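Undergrad: Here's a sequence, model it:
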Amino acid sequence: MSAQETIRETITTHPIVLFMKGTAQFPMCGFSGRVIQILKACNAQKVVTINVLDDPEIRQGIKDYSNWPTIPQLYVNGEFIGGCDILNDMFQTGELQPLIAAASNTGPQPGKQQAQ
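TA: Residues are numbered from 1 along each chain as shown. Next comes the predicted model:
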């Protein structure tokens, strides 16, 4: 399966997907860490995190897929929402919380790493 196919399958199978540097437990950059904090503050459930440092093809592939040059990248219900700055702004204005709440109420998706 190509990187693009893997990305497409991941974001369409899981309600909340974060492509980040590191893991939810051990973010490897401040921007990824901030997005994890924002998701926790939104009480996000069933968050799948993908560590782009584990796979160079996914790291470049997600940038190509979204046509967005930076990581982290958040997808909710298959839709690209944004990176750290956009998510921070959405959180501050209250736009992100209902989006995350609605996605968190979808069915469980076993077998992937969850943000704790």
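
Undergrad: pLDDT at the residue lying closest to residue 3 once chain neighbours are set aside, what is it?
TA: Here the nearest residue to residue 3 in space, its sequence neighbours aside, is residue 61; by CB to CB, 6 or more residues apart in numbering that works out to 3.4 Å. (C-beta placed from N, C-alpha, C; glycine too.) In the predicted model, residue 61 carries a pLDDT score of 96.

Undergrad: And the residue nearest the centre of the chain, which helix or strand is it part of?
TA: The centroid of the chain falls nearest to residue 18 when counting by CA atoms, centre = their mean (1.4 Å). In this structure, residue 18 sits in strand 16-20 according to DSSP states H and E.

Undergrad: Return the list of helices and strands in contact with that strand.
TA: Contact analysis of strand 16-20 by 3 or more CB pairs under 8 Å, 6 or more residues apart in numbering; DSSP states H and E lists helix 30-41, strand 47-51, strand 73-76, helix 96-104 as its packing neighbours.

Undergrad: One more pass at 10 Å, please.
TA: Counting contacts by 3 or more CB pairs under 10 Å, 6 or more residues apart in numbering; DSSP states H and E, the secondary-structure elements packed against strand 16-20 are helix 3-13, helix 30-41, strand 47-51, helix 56-66, strand 73-76, strand 79-82, helix 96-104.

Undergrad: which neighbours does that strand have in its sheet, and in what orientation?
TA: Take DSSP bridges as the rule and strand 16-20 pairs in its sheet with strand 47-51 (parallel), strand 73-76 (antiparallel).

Undergrad: For the residue nearest to the centre of the chain, give the beta-bridge partners.
TA: Residue 18 has these beta-bridge partners by DSSP bridges: residue 49, residue 74.

Undergrad: What about the closest residue to residue 59 other than its chain neighbours, how many residues nearby?
TA: Closest residue to residue 59 in three dimensions, ignoring its sequence neighbours and counting by CB to CB, 6+ apart: residue 52, at 3.9 Å. Residue crowding around residue 52 was assessed by other CB atoms under 10 Å; the count is 23.
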